[in-house]
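Colleague: the following comprises the amino acid sequence and a computationally predicted model.
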2 protein chains.
Amino acid sequence: MKIINEDLATLKQLIQTKTQQLTDEKVVTAVQVIIANVIKNGDQALQDYEKQFDQVTIDQFKLDQATIDAAYDNLDADVKAALLLAKRNITSFHEKEKATGFIDAEQPGVLRGQKLLPLNRVGLYVPGGTAAYPSTILMSALPAKIAGVNEVIMVTPPQKDGINPAVLAAAKIAGVDAIYQVGGAQAIAALAYGTASIPQVDKIIGPGNVFVATAKKQVFGQVAIDMVAGPSEIGIIADDSANPRELAADLLSQAEHDKLARPILITDSSRLAQAVSDNVDSQLKVLPRTEIATASVNNKGFIAVVDQVTDMFELMNTVAPEHLEIQLENPTQYLNLIKNAGSVFLGRYASEPLGDYVAGPNHILPTSGTARFSSPLGVYDFVKRTSFIQYTAPALAKEAKAITTLARVEGLEGHARAIEARFDTYYD
Amino acid sequence: MKIINEDLATLKQLIQTKTQQLTDEKVVTAVQVIIANVIKNGDQALQDYEKQFDQVTIDQFKLDQATIDAAYDNLDADVKAALLLAKRNITSFHEKEKATGFIDAEQPGVLRGQKLLPLNRVGLYVPGGTAAYPSTILMSALPAKIAGVNEVIMVTPPQKDGINPAVLAAAKIAGVDAIYQVGGAQAIAALAYGTASIPQVDKIIGPGNVFVATAKKQVFGQVAIDMVAGPSEIGIIADDSANPRELAADLLSQAEHDKLARPILITDSSRLAQAVSDNVDSQLKVLPRTEIATASVNNKGFIAVVDQVTDMFELMNTVAPEHLEIQLENPTQYLNLIKNAGSVFLGRYASEPLGDYVAGPNHILPTSGTARFSSPLGVYDFVKRTSFIQYTAPALAKEAKAITTLARVEGLEGHARAIEARFDTYYD
């Protein structure tokens, strides 16, 4: 694994690339046609597309409960225990994310406040094949349920051999209310606009291929969507006290996800840098997903050696990694130096896969540097707020002149007259 | 104004239209070119576009402080007092929206938590000419400042006669840190990627024309953006006790914004329906913005008469209006029936323009039915969350089997090995 020795300014510049996101016109047009067809022809359009794209004839989109129950009943006992442990920890963590509204009655005659409500119905897109992760179903459905969402539904492309039973069992454990066998842009269109079989949702979450991502962008506004996810990162900040074999294993746990994943180590120890690099190279040789991980390490990974602890954090804040491990002694004392990170792993035993599976904080995190401005998926993503006010006549009278003054400065005479109508100064 | 008497199901169907949002390919391509040019040529590209689009030569994008101070010093005393009242009320309301992180140390050897941080820098787009509202500058900059955003900057198209002094004064009152004279898609590109003159931001908020809106969509992911705003609505729920002249004035206060604005009254009183309709028609004749308001009322507005109070709320929840007035006796008792609304105005003296200007809740609200899933602009829009975990060796050992089991079910051997590396069972 590549080791870079440069000054801090040069290193920061290496990280800050300006990449324009370009759209593929052909995909955009194809997706527009699919959405229009689903709006117009509903279930028939979905059936046609499933035949065309997935070579499957679907008579009934909604998966029957017996299939789901059987998957759950036949689930390997260790896997079931692991999913139930994960559910327990995810639930206890996310319960703490619940927020409430407020009332403000501090001014005479004025009542102001805000109430929070859960979204009514949420749609979860689950990719087909090996990209369908049971753990991700828990991480997305449980926060919605904790927020109080009335109905969490799931769509997933039909598979010739049936949908992965571990996915079905995870959906049952997470409390998913219904599963529909439909995928691609047509599934996103169905969730956004509704069909006879598939109800319209208020928000769509979950990853997918370029057609799914493009469809999500196109229906944004009709429904809410989650952040468009890019490649994953792990950033590790470590000093000479860290264990190189463990660090190498953690870097590879992200590298094995995707050829574009970015494994990054920043350290003030040249000795550790070399030792981790050697360990990555040797562990890579015996990793099952070695082709993916090798591409990630060689093309996207690097180890940077800097002078001091504050430099490590300054540089890592420029990366704004999805996952950040702090492998220093007394790691909690550095929390204040972290400005941009999705999820932070403190100390030797907070290995990143712990957070992927069972610790409880969400593993759906801001990727590709978006931790600069966005957050892990949470209960707060499934609620909306409504503000309210009530004024007495004297309270309104006290502020009437300010309102009519501003309305007229902005050229909105009708706004001023609506206030004056309350006080019989209305001109007509 | 049109009165509709239909059963509830028919009325709901009239409201729920399925409209596909189509993009204009020419605009998309033009904006892509502009963004690419700004990334490559920075300030020079901005200067070229300002000359081309706004016929203005800009030597220095950043507006000098003396111009801003002069606008503030020369501001009409009534306008200044009104803006300061608005600032006071906006601040006291939004202070209540502040959230904190949490720590969870309930399991032995396990520390979990979440911390909240403000975004570092936010960019506010302010349209030129008459669409630049001083009130909107307070509503967008103040919540960012209350959230703790380090730097709030503003971009606005240069004007031949100089930028509206009321806008500059409002920016000073709101604590905006810098104002740059640049508009259109090029301004959005500059905020997203940064140039020598204009610093890169983490989030862009504010409305604009189709080029601005398209540019915001294209840079989404590089930076965060706010919701793409559509036409405004006012929904009024009223019974026979309401005052028709006041209701008509409130409906027109939204209608005067935009030909596509939707003024809607739902009532159980045919008498009130007719009286409001008559009042709207007569008030329209003497309204300065009568052309805009008439188009809105005739093409987008309606009065629906239903049988009972619960029907009014059911139908209005389908509309999901940006603004909702409850003109019933004891209006607070109906808060529980409101499922979808941006901002709620309770009773006779909570006329909608009160919320536009001085009451304190934000006036940047979810439009076009998006109150189904989104919220008023708030302090929560300017923070991000980072979760963290720390485990002792025994705590990790207790959950190790669950982690390695799930990792292997998902085909991610590297994840399992990262955990096992901690316990010397690692295979190589």
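Modeller: It's in. Numbering: from 1, shown residues only, chains lettered A, B, ... in the order given.

Colleague: now the strands for chain A?
Modeller: A:3-4, A:102-104, A:110-118, A:121-125, A:151-156, A:178-181, A:203-205, A:224-225, A:233-238, A:262-267, A:302-305, A:323-327, A:343-346, A:383-391 (DSSP state E).

Colleague: quick one, which of these gets closest to A:Glu246.
Modeller: strand A:323-327 (8.1 Å; CB to CB). In short, each C-beta sits where N, CA and C put it, glycine included.

Colleague: adjacent strands (with direction) for the closest one?
Modeller: strand A:233-238 (parallel), strand A:343-346 (parallel) (DSSP bridges).

Colleague: let's have those strands in JSON lines, adding mean pLDDT.
Modeller: Converted to JSON lines, those look like this (pLDDT from 0 to 100):
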{"stretch": "strand A:233-238", "mean pLDDT": "97"}
{"stretch": "strand A:343-346", "mean pLDDT": "98"}
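
Colleague: of those, which approaches A:Gln254 most closely?
Modeller: Across the strands paired with strand A:323-327, A:Gln254 has its closest neighbour in strand A:233-238 (3.9 Å, CB to CB).

Colleague: what angle sits between that closest one and strand A:262-267?
Modeller: Relative orientation of strand A:233-238 and strand A:262-267, computed by axes from the mean of the first three to the mean of the last three CA atoms, to 10 degrees: 10 degrees.

Colleague: quick one: contacts of strand A:233-238?
Modeller: The contact list for strand A:233-238, computed with CB atoms under 8 Å, 6 or more residues apart in numbering or on different chains, reads A:247, A:250-251, A:253-254, A:261-267, A:269, A:272, A:276, A:312-313, A:316, A:319, A:321-328, A:334, A:341, A:352, A:367-369.

Colleague: rerun at 6 Å
Modeller: Contact partners of strand A:233-238, identified using CB atoms under 6 Å, 6 or more residues apart in numbering or on different chains, comprise A:247, A:254, A:262-267, A:312, A:316, A:319, A:321-327, A:352.

Colleague: output that strand as PDB, restricted to C-alpha atoms.
Modeller: C-alpha atoms of strand A:233-238 as PDB (Å, rounded to 0.1, in the frame of the first residue of the first chain):
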ATOM      1  CA  GLU A 233     -14.400   5.200   2.900                       C
ATOM      2  CA  ILE A 234     -12.500   4.200   6.000                       C
ATOM      3  CA  GLY A 235     -10.100   6.700   7.500                       C
ATOM      4  CA  ILE A 236      -7.800   5.600  10.300                       C
ATOM      5  CA  ILE A 237      -5.900   7.900  12.600                       C
ATOM      6  CA  ALA A 238      -3.200   6.000  14.400                       C
END
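
Colleague: now it: buried residues?
Modeller: Under the neighbour-count criterion of 16 or more other CB atoms under 10 Å in any protein chain shown, strand A:233-238 has A:Glu233, A:Ile234, A:Gly235, A:Ile236, A:Ile237, A:Ala238 buried.

Colleague: give me the distance between the first one and A:Ser253.
Modeller: Relative to A:Ser253, A:Glu233 is positioned 12 Å away (CB to CB, to the nearest Å).

Colleague: what of A:Met312?
Modeller: Distance of A:Met312 to A:Ser253, given as CB to CB: 21 Å.

Colleague: same thing with A:Leu63?
Modeller: 32 Å.

Colleague: just A:Leu365 next, same as before
Modeller: From A:Leu365 across to A:Ser253, the span is 14 Å (CB to CB).

Colleague: same thing with A:Thr267?
Modeller: 18 Å.

Colleague: look at those two and report which has more neighbours.
Modeller: More neighbours surround A:Ser253 than the other of A:Thr267 and A:Ser253, with 29 against 24 (other CB atoms under 10 Å in any protein chain shown).

Colleague: quick check: the more buried one touching B:His415?
Modeller: Yes - the criterion here is CB atoms under 6 Å, and A:Ser253 meets it with B:His415 at 4.7 Å.

Colleague: what do the two both touch?
Modeller: In contact with both A:Ser253 and B:His415: A:Pro353, using CB under 6 Å, 6+ apart.

Colleague: which residue packs closest to A:Tyr227, ignoring adjacent ones?
Modeller: Residue A:227: Met, not Tyr. Distances taken as CB to CB, 6 or more residues apart in numbering or on different chains put A:Ser374 closest to A:Met227, at 5.7 Å, once the chain neighbours are dropped.

Colleague: burial check on the one you found, number of neighbours?
Modeller: The tally of other residues near A:Ser374 (other CB under 10 Å) stands at 21.

Colleague: repeat for the one 5 residues further on
Modeller: For A:Val379, the neighbour count with other CB under 10 Å is 23.

Colleague: again, but for the one 4 residues further on
Modeller: Counted with other CB under 10 Å, the burial measure for A:Val383 works out to 21 neighbours.

Colleague: ok, now A:Pro288?
Modeller: 13.

Colleague: do you know the pLDDT at it?
Modeller: Note for A:Pro288: predicted pLDDT of 95.

Colleague: residues contacting the nearest residue to A:Ala141 once chain neighbours are set aside?
Modeller: Nearest residue to A:Ala141 in three dimensions, chain neighbours excluded: A:Ala174, at 3.7 Å (CB to CB, 6+ apart). A:Ala174 is in contact with A:Ile137, A:Leu138, A:Ala141, A:Leu142, counting by CB under 6 Å, 6+ apart.

Colleague: what about 8 Å?
Modeller: Counting by CB under 8 Å, 6+ apart, A:Ala174 touches A:Lys87, A:Ile137, A:Leu138, A:Ala141, A:Leu142, A:Lys145, A:Val152.

Colleague: would you map the helices across the stretch 301-428 of chain A?
Modeller: Using DSSP state H, counting those that start in this stretch, the helices of the stretch 301-428 of chain A run over A:309-319, A:352-357, A:393-409, A:413-420.

Colleague: which one of those is the most hemmed in?
Modeller: helix A:352-357 (a mean of 27; mean count of other CB atoms under 10 Å in any protein chain shown).

Colleague: now for the residue lying closest to A:Leu22 once chain neighbours are set aside, how many residues are close by?
Modeller: Leaving aside its sequence neighbours, A:Leu22 sits nearest to B:Gln32 (CB to CB, 6+ apart; 6.6 Å). By other CB under 10 Å, the residues close to B:Gln32 number 18.

Colleague: same check on A:Leu14?
Modeller: 14.

Colleague: how close does it get to chain B?
Modeller: Between A:Leu14 and chain B the distance is 16 Å, computed by CB to the nearest CB, to the nearest Å.

Colleague: surely that residue meets A:Lys2?
Modeller: No - proximity of A:Leu14 to A:Lys2 does not meet the contact threshold set by CB atoms under 8 Å, at 11.3 Å.

Colleague: check contacts around A:Ala261.
Modeller: By CB under 8 Å, 6+ apart, the residues touching A:Ala261 are A:Pro231, A:Ser232, A:Glu233, A:Ile234, A:Gln254, A:Ala255, A:Ser296, A:Lys300.
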